[in-house]
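Enquirer: Any chance you could fold what I've pasted below:
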Amino acid sequence: MNIEASPAAVLEARIAAKEAVIGVIGLGYVGLPLALVAVEAGFPVIGFDINPKRVAEIAAGRQVIKYIPGARMEAALATSRFDVTQDFARLGACDALIVCVPTPLTRQREPDLSFVIDTARAIARTLRPGQIVVLESTTWPGTTVEVVKPILEETGLKAGRDVFLAFSPEREDPGNASYSTATIPKVVGGDGEVAGALAQALYAPLVSRVVPVSSTQVAEAVKLTENIFRSVNIALVNELKTVYGAMGIDIWEVIEAAGTKPFGFMPFYPGPGLGGHCIPIDPFYLTWKAREFDIETRFIELAGQINTRMPYHVVDRLAEALDTLGGRGLSGARILVLGVAYKKNVDDVRESPALKLMELIDERGGLCEFHDPFVAALPSTRRHQRLNGKRSIALTPEAVAGFDAVLVATDHDEVDYALVAAHARVVVDTRNVFTRLGLPVERLLKA
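Expert: Numbers count the residues shown, from 1 in each chain. Presented below is the predicted three-dimensional model:
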């Protein structure tokens with residue numbers, strides 16, 4: 001299409017020549033991989049983060065995310081096209097600004113857009129004609145035009161004429177060896193036709209495929225739909241796990257057999273609850289927005305309730321397992337939790353169900369320790385204060401034998417499960433890892 005507006009034409013030309021400076025705001029699990037991909041595609045990139053320690057570590061080429069090798073960081077820095085900073089006054093030097101900041105929930109489970117709003121205000125302070133701003137943070141449909149756009153237009157610049165807005169949902173899957181930032185198709189929706197075309201031009205050199213949609217609202221809804229789909233299906237198999245468990249039926253065997261059907265079935269797997277920065281949070285952004293239209297999202301909320309209750313179910317099963325040792329129950333029992341990250345082979349504990357499991361065990365009088373090859377110590381948080389600073393213990397035969405039960409919360413590959421099988425008194429397995437590996441355990445209970 002022919003983009004006639006002067007600021008748009010200048011921006012389009014700079015993107016085509018790979019002269020456009022791309023600013024990535026937020027250098028976490030979404031922003032840092034994206035920044036590296038942009039550098040590797042030949043663009044000059046400035047990464048922005050409010051955390052001085054993280055900025056210093058990235059600038060030194062240190063490995064700050066486990067699945068991003070330090071050599072890749074060093075290679076990006078060696079190009080002289082990658083710079084990182086805390087100085088948000090430099091936002092004005094960027095032609096494209098991609099926002100990758102957190103969108104958590106409040107304690108009342110309502111959207112917390114404070115990071116997005118603060119970032120939009122920071123951008124507004126140096127906003128100039130010819131810039132495009134792309135929001136990647138997961139949020140409710142309408143955020144880009146209803147929240148970000150008014151803040152930017154307070155400068156007197158007009159979106160669609162002077163500056164341009166788009167939304168492109170992040171699709172990172174930390175630790176996934178099959179798909180990376182560059183190989184996952186990128187959904188892009190612009191605030192208007194011109195913004196949409198510019199956003200597509202921006203991402204086309206970075207990823208294998210760009211998927212254009214008609215608006216920012218559609219793009220925002222895509223991300224929520226993807227994660228709600230997973231949340232609902234995980235809730236379904238979690239509920240089936242409790243039903244089939246009461247019948248003496250192994251849900252894992254059922255799913256494995258059902259998965260042989262070549263059509264009409266997609267396997268999802270149960271667990272001790274949901275974790276991470278997406279699935280436990282994103283559905284509530286839609287339920288909150290739906291209230292504005294006087295619509296109840298009962299199906300989504302029911303799935304959230306089922307998934308939220310799973311840690312309680314697991315701890316009940318753990319207490320049952322301990323009863324096999326003479327009816328001692330949880331009070332005073334020593335429990336080893338295997339894995340505290342929210343998913344296997346990553347070091348991220350955000351929203352991890354393992355943290356809730358440990359708190360519930362503590363509340364019922366149990367004494368909890370954990371082993372995780374990726375998490376040396378639990379970070380300090382307001383939500384899980386009693387766990388702050390707790391450190392991973394070494395996995396030795398003597399250590400395992402000293403616990404009354406071992407609870408598998410996260411099935412990292414880098415765990416010696418044979419050692420656990422040989423020395424544990426009781427194993428409560430929420431991930432089916434021992435059956436999957438064919439390891440015999442004297443007392444094994446699936447939960």
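Enquirer: What segments of the stretch 301-447 of the chain are helices?
Expert: Assigned helices in the stretch 301-447 of the chain, in chain order: 353-363, 397-401, 417-423, 433-437 (criterion: DSSP state H, counting those that start in this stretch).
Enquirer: Tell me the pLDDT of the nearest residue to N238 once chain neighbours are set aside.
Expert: Spatial nearest neighbour of N238, excluding adjacent residues (C-beta to C-beta, 6 or more residues apart in numbering): P270 at 4.8 Å. In this view, the C-beta of every residue, glycine as well, is placed from N, C-alpha and C. If you check P270, the pLDDT there is 96.
Enquirer: ditto for C94
Expert: C94 carries a pLDDT value of 98.
Enquirer: low pLDDT regions in the stretch 151-300 of the chain?
Expert: Residues of the stretch 151-300 of the chain that meet the criterion pLDDT under 70 lie in 277.
Enquirer: and what of the stretch 1-150 of the chain?
Expert: Looking at the stretch 1-150 of the chain by pLDDT under 70, you get 1-5.
Enquirer: And the strands in it, which stretches?
Expert: Remark: strands assigned in the stretch 1-150 of the chain by DSSP state E, counting those that start in this stretch are 22-25, 45-48, 82-85, 96-99, 132-135.
Enquirer: just to revisit the earlier point, of the helices of the stretch 301-447 of the chain, flag the one that's most buried.
Expert: Most buried of the helices of the stretch 301-447 of the chain by mean neighbour count (mean count of other C-beta atoms under 10 Å) is helix 353-363; its value is a mean of 22.
Enquirer: Number of residues surrounding A166?
Expert: When counting by other C-beta atoms under 10 Å, one arrives at 28 neighbours for A166.
Enquirer: Then it would be within a strand, right?
Expert: Yes: counting by DSSP: H, G, I helix; E, B strand; the rest coil, A166 is located in a strand.
Enquirer: Residues in a beta bridge with it, which ones?
Expert: Assessed by DSSP bridges, A166 has beta-bridge partners V134, G190.
Enquirer: Quick check: it vs L27, distance?
Expert: For A166, the distance to L27 equals 20 Å [C-beta to C-beta, to the nearest Å].
Enquirer: How much space separates the residue nearest to N238 from A354?
Expert: 15 Å.
Enquirer: Now W140: closest residue in space that isn't a chain neighbour?
Expert: W140 sits nearest to K289 (C-beta to C-beta, 6+ apart), 3.9 Å away.
Enquirer: and the one you found, how far is that from T297?
Expert: For K289, the distance to T297 - C-beta to C-beta - is 9 Å.
Enquirer: cool, L378 as well?
Expert: According to C-beta to C-beta, L378 and T297 sit 33 Å apart.
Enquirer: Which one's more surrounded, those two?
Expert: L378 (21 against 18).
Enquirer: Go ahead and confirm the more buried one touches V340.
Expert: Yes: here L378 reaches V340: they are 6.7 Å apart, a contact under C-beta atoms under 8 Å.
Enquirer: on that earlier part again, pipe the helices of the stretch 301-447 of the chain into JSON lines and attach mean pLDDT per row.
Expert: Listed next are those as JSON lines, based on pLDDT from 0 to 100:
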{"stretch": "helix 353-363", "mean pLDDT": "95"}
{"stretch": "helix 397-401", "mean pLDDT": "97"}
{"stretch": "helix 417-423", "mean pLDDT": "97"}
{"stretch": "helix 433-437", "mean pLDDT": "96"}
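Enquirer: which stretches of the stretch 251-400 of the chain form strands?
Expert: Using DSSP E, counting those that start in this stretch, strands in the stretch 251-400 of the chain cover 334-338, 367-371.
Enquirer: Point out the most buried one among those strands.
Expert: Comparing the strands of the stretch 251-400 of the chain by mean neighbour count (mean count of other C-beta under 10 Å), strand 334-338 ranks first with a mean of 23.
Enquirer: From the contact counts, what lies against it?
Expert: helix 353-363, strand 367-371, strand 405-408 (3 or more C-beta pairs under 8 Å, 6 or more residues apart in numbering; DSSP states H and E).
Enquirer: one step back: mean neighbour count and distance to R209 added to the strands of the stretch 1-150 of the chain, as TSV?
Expert: Below are those laid out as TSV (neighbours: other C-beta atoms under 10 Å; distance: least, C-beta to C-beta, whole Å):
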stretch	mean neighbour count	distance to R209
strand 22-25	28	19
strand 45-48	25	21
strand 82-85	20	24
strand 96-99	26	18
strand 132-135	28	17
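Enquirer: would you turn those into CSV with distance to R391?
Expert: Below are the strands of the stretch 1-150 of the chain laid out as CSV (distance: least, C-beta to C-beta, whole Å):
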stretch, distance to R391
strand 22-25, 33
strand 45-48, 30
strand 82-85, 29
strand 96-99, 35
strand 132-135, 37
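Enquirer: Please name whichever of the ones you listed is nearest to A195.
Expert: Closest to A195 of the strands of the stretch 1-150 of the chain, according to C-beta to C-beta: strand 132-135, at 6.9 Å.
Enquirer: rewinding a little: quick one: the helices and strands packed on strand 334-338 as TSV, columns for distance to Q217 too.
Expert: Shown next, in TSV, are the helices and strands packed on strand 334-338 (distance: least, C-beta to C-beta, whole Å):
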stretch	distance to Q217
helix 353-363	32
strand 367-371	42
strand 405-408	41
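Enquirer: so which of the ones you listed comes closest to I98?
Expert: Nearest of the helices and strands packed on strand 334-338 (C-beta to C-beta): helix 353-363, 30.5 Å.
Enquirer: okay, the angle between the closest one and strand 334-338?
Expert: Angle, helix 353-363 to strand 334-338, by axes from the mean of the first three to the mean of the last three C-alpha atoms, to 10 degrees: 180 degrees.
Enquirer: tilt between helix 353-363 and strand 367-371?
Expert: 160 degrees.
Enquirer: Please write out the alpha-carbon positions of helix 353-363 in PDB.
Expert: Output in PDB follows, covering the C-alpha atoms of helix 353-363 (Å, rounded to 0.1, in the frame of the first residue of the first chain):
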ATOM      1  CA  PRO A 353       1.800 -23.700  42.300                       C
ATOM      2  CA  ALA A 354       4.800 -25.200  44.300                       C
ATOM      3  CA  LEU A 355       4.800 -22.000  46.400                       C
ATOM      4  CA  LYS A 356       1.200 -22.500  47.400                       C
ATOM      5  CA  LEU A 357       1.800 -26.200  48.100                       C
ATOM      6  CA  MET A 358       4.700 -25.300  50.400                       C
ATOM      7  CA  GLU A 359       2.500 -22.800  52.300                       C
ATOM      8  CA  LEU A 360      -0.300 -25.200  52.700                       C
ATOM      9  CA  ILE A 361       2.000 -27.900  54.000                       C
ATOM     10  CA  ASP A 362       3.400 -25.300  56.500                       C
ATOM     11  CA  GLU A 363      -0.100 -24.300  57.600                       C
END
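Enquirer: Perfect, I'm done here.
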